[in-house]
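1. let me see the structure of the following:
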Amino acid sequence: MQRIAIWNQARTVRLSDSIEVADTSRLRVWGLLGRTKLDTGAGLWIKPSSGVHTFGMRFAIDVIGLDRHHRIVRLWQSLQPWRVTPVSTAVRSVLELPAGFVSQFDLQIGDALLLESINNEQAP
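-> Okay, here's the model as predicted:
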């Protein structure tokens, strides 16, 4: 599975370098199901996606909704298992991250993220 690194462009801070990419139907449907936790710095970038559910999950996650320019347009912190986010037409992809990630890095609506392939090519 492809991996990316994410940076907060405004603060020039690397947020993680261990984000898996779910860009096929199979990977998007499966998501984080079957896992018992997310390791620190791990996560999943689901594209395209305008919202997520946590049906069948065993742990809470932070979810970041990104627009087509990778700006944060929605934040769902500590989304518990068996929940669903509202679908948003502004959201084009989502990052699923360990609960507490958003507050740890003080992420805000409007922050622009840079998504890079691990081989240093910018992610589409």
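
2. can you give me the buried ones in stretch 12-29?
-> Buried residues in stretch 12-29, counted by 16 or more other CB atoms under 10 Å: Leu15, Ser16, Ile19, Glu20, Val21, Ala22, Asp23, Leu27, Arg28. Every C-beta, even on glycine, is put in place using the N, C-alpha and C of the backbone.

3. again but with stretch 53-68, I slipped
-> By 16+ other CB under 10 Å, the buried positions in stretch 53-68 come out as Thr54, Met57, Ala60, Ile61, Asp62, Val63, Ile64, Gly65, Leu66.

4. OK, contacts around the third one?
-> The neighbourhood of Ala60, defined by CB atoms under 8 Å, 6 or more residues apart in numbering, consists of Thr54, Ser78, Leu79, Gln80, Pro81, Ala99.

5. before we move on, what about the fourth one?
-> For Ile61, the residues meeting the contact criterion (CB under 8 Å, 6+ apart) are Leu32, Leu38, Thr54, Ser78, Leu79, Glu96, Leu97, Pro98, Ala99.

6. one more time with 6 Å, if that's ok
-> Neighbouring residues of Ile61 by CB atoms under 6 Å, 6 or more residues apart in numbering: Leu79, Glu96, Ala99.

7. who wins on neighbours among those residues?
-> Glu96 (26 neighbours; other CB atoms under 10 Å).

8. save the contacts of Ala60 as JSON lines, and put in distance to Gln2, pLDDT and secondary structure too.
-> Shown next, in JSON lines, are those (distance: CB to CB, whole Å; pLDDT from 0 to 100; DSSP: H, G, I helix; E, B strand; the rest coil):
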{"residue": "Thr54", "distance to Gln2": "23", "pLDDT": "93", "secondary structure": "coil"}
{"residue": "Ser78", "distance to Gln2": "27", "pLDDT": "97", "secondary structure": "strand"}
{"residue": "Leu79", "distance to Gln2": "24", "pLDDT": "97", "secondary structure": "strand"}
{"residue": "Gln80", "distance to Gln2": "28", "pLDDT": "97", "secondary structure": "coil"}
{"residue": "Pro81", "distance to Gln2": "26", "pLDDT": "95", "secondary structure": "coil"}
{"residue": "Ala99", "distance to Gln2": "24", "pLDDT": "96", "secondary structure": "coil"}
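
9. thanks a lot, catch you later.
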